[in-house]
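Peer 1: Let's see this in three dimensions:
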Amino acid sequence: MKAATAATLHANAATIRQLGRQYGLHSFTLSGEPGELVASLDEGRTYFDVTAFEADASGLLGATVEVVPRGPGVDVQEREALGGMRGAA
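Peer 2: Numbers count the residues shown, from 1 in each chain. Got it, this is the predicted structure:
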């Protein structure tokens, strides 16, 4: 499966945000890598939540979606807010 394009991610921003809430992910931005999102992860959530979100989002979009959670020691380039809504849940 190919990586989701920025256009696909933007076009499905509302769906991604809604799905993200189920797994404790929010404040999505696009990274510099194809199909990769950067997101904040709610306290008490784990990488199991991240990988479950990735699987569900990839299945819904028919393209690979990966998430890099923000946090200490994470150095990833954030290009732009998903759907043009910086900080949107």
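
Peer 1: What ranges does the protein have for its strands?
Peer 2: For the chain, strands defined by DSSP state E occupy the ranges 25-31, 36-41, 66-69, 78-81.

Peer 1: Tell me how far the residue most central in space within the chain lies from residue 80.
Peer 2: With distances taken as CA atoms, centre = their mean, residue 37 lies nearest the centre of the chain, 3.8 Å away. As judged by CB to CB, to the nearest Å, residue 37 and residue 80 stand 11 Å apart. (Glycine included, C-beta is placed from N, CA and C.)

Peer 1: Dig out what residue 30 forms beta bridges with.
Peer 2: In this entry, residue 30 is beta-bridged to residue 37, residue 80, by DSSP bridges.

Peer 1: remind me which residues of the protein are low pLDDT?
Peer 2: Scanning the chain for pLDDT under 70 picks out the ranges 84-89.

Peer 1: longest helix anywhere in it?
Peer 2: For the chain, the helix that runs over the most residues, judged by DSSP state H, is helix 47-61.

Peer 1: and for it, what are the contacting residues?
Peer 2: Residues from elsewhere that reach helix 47-61, judged by CB atoms under 8 Å, 6 or more residues apart in numbering: 1, 4, 8-9, 12, 15-16, 19-20, 22-25, 41, 64-67, 69.

Peer 1: mind redoing it with 6 Å?
Peer 2: By CB atoms under 6 Å, 6 or more residues apart in numbering, the residues outside helix 47-61 that reach it are 4, 8, 12, 19, 23, 24, 25, 64, 65, 66, 67.
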